[in-house]
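S.K.: quick one: sequence plus predicted model below, questions after.
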Amino acid sequence: METLTAQLLAGNKRALARALTIVEDGGKDACSVVRQLFPYSGKAHLIGITGSPGVGKSTLVDALVTEIRKADLKVAVIATDPTSPFTGGAILGDRIRMQAHTLDQNVFIRSMANRGHAGGTSLAIYDAVRMLEAFGYEIIIIETVGVGQTELSIAKTADTTILVLMPGSGDEIQAIKSGIMEIGDLFVVNKGDLPGAHKTASEISYSLELAQHFPGWTPPVLVSIAETGAGLDEIWQAVGKHRQYLLESGMLEERRKAKVAAELEELVSEIVRTNLKASLEHSHIQELLHQVLAREVDPHSAAENLIKELFGSN
Ligand SMILES: Nc1nc2c(ncn2[C@@H]2O[C@H](COP(=O)(O)OP(=O)(O)OP(=O)(O)O)[C@@H](O)[C@H]2O)c(=O)[nH]1
Ligand SMILES: [Mg+2]
């Protein structure tokens, strides 16, 4: 493992790819790699890109990578597909699209599915980001599909979250109004070449004015045509402004603290879940199950007994 991490730190991309597979699988090896590389992590700016299927996230990521390369920054992309980890179709399409960048030594693209971690993709992503940071990527983009709870927790991994919509995304606008979509630091109405893009953008701006989530930061609503790259320089500039805001307001620190708390909570629940599963197989706990079945002990008391058993506390 020492060799692998040394190679990764020396800029060996194959070592990076192996380290990513290891953290994706979770377990002891993942812990060991992370332990060694953690001191070198924490320096990149993380951009989360999320939105409903087909709004053009991958096309937008591709165009954003072009902008980032103009600024001569090293950039890595993690594409996740938590809703259908095994289809791979969309991911394959993304790979083909991204081919323009694959010859660029300073661009790295990786698809990740939920593999070893019982806690879901987000735990693996926290660690994947660390590997990429240790390798020296300055910007890391995380693309997630959808706006469900899992995706939201992945999006929260980011420093700047971009919510992508397209003209006529009525449901999403309703969600913004009702506060479900408070995660966006930046809103992008993509497919600006289609009718109604500016109308959609002003509806979003209006809903955001009503919501007012962050003091000192009004999320900009931008229109883009990812296919041609139109509007991408504004998006990249807005990311820069958001980063500046995060630094100056102390929000960057605050968000990262919240992320560490969320990660620890997930890690602890994962450990507890694993221990619990193993313990339920034990014969004297089987005994407890039988007592519940026989109506001798109620499930609430049984659960309390189990906790005492597992943690020696109440
Ligand atoms: N008209 C138009 N089409 C676009 C634009 N950007 C992307 N598309 C098209 O929209 C379709 C979906 O684009 P993707 O980039 O794969 O969208 P996605 O959000 O990543 O999709 P999933 O990952 O499957 O959720 C593709 O056919 C794109 O060519 C745009 O600016 N205008
Ligand atoms: Mg995509």
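M.R.: On my side now, so go ahead. Residues are numbered from 1 along each chain as shown. Ligands and ions are numbered 1, 2, ... in the order given.

S.K.: would you map the strands across the stretch 201-314 of the chain?
M.R.: 221-223 (DSSP state E, counting those that start in this stretch).

S.K.: off-centre distance for stretch 54-67?
M.R.: Offset of stretch 54-67 from its chain centre (C-alpha atoms, centre = their mean, to the nearest Å): 16 Å.

S.K.: okay, buried residues for it please.
M.R.: By 16 or more other C-beta atoms under 10 Å, the buried positions in stretch 54-67 come out as 55-67. Every C-beta, even on glycine, is put in place using the N, C-alpha and C of the backbone.

S.K.: before we move on, what about stretch 199-215?
M.R.: Those would be Thr200, Ala201, Glu203, Ile204, Ser207, Leu208, for stretch 199-215 by 16+ other C-beta under 10 Å.

S.K.: the last one against Thr218, yeah?
M.R.: Spelled out, it's Leu208. Yes. Counting by C-beta atoms under 8 Å, Leu208 does reach Thr218; the two are 6.9 Å apart.

S.K.: and the gap between the nearest residue to Ser202 once chain neighbours are set aside and Pro167?
M.R.: Residue nearest to Ser202 in three dimensions, not counting chain neighbours: Val221, with 7.8 Å by C-beta to C-beta, 6 or more residues apart in numbering. Distance, Val221 to Pro167, by C-beta to C-beta, to the nearest Å: 13 Å.

S.K.: neighbour-wise, which of those two wins?
M.R.: Between Val221 and Pro167, counting by other C-beta atoms under 10 Å, Val221 is the more crowded of the two (23 against 19).

S.K.: where does this structure have its least confident helix or strand?
M.R.: helix 89-97 (a mean of 50; mean pLDDT, DSSP states H and E).

S.K.: could you report the neighbour count for the residue in the stretch 151-300 of the chain that ligand 2 sits nearest to?
M.R.: Closest approach of the stretch 151-300 of the chain to ligand 2 (C-beta to the ion) occurs at Val164, with a separation of 9.8 Å. A count of nearby residues for Val164, using other C-beta under 10 Å, gives 27.

S.K.: need the residues of the stretch 101-250 of the chain near ligand 1, please.
M.R.: Contacts of the stretch 101-250 of the chain with ligand 1, taken as C-beta under 6 Å from any ligand atom, map to Val145, Asn190, Lys191, Asp193, Leu194, Ile225, Ala226, Glu227.

S.K.: tell me the contacts of the last one?
M.R.: So that's Glu227. Glu227 makes contact with Gly56, Thr59, Asp193, according to C-beta atoms under 8 Å, 6 or more residues apart in numbering.
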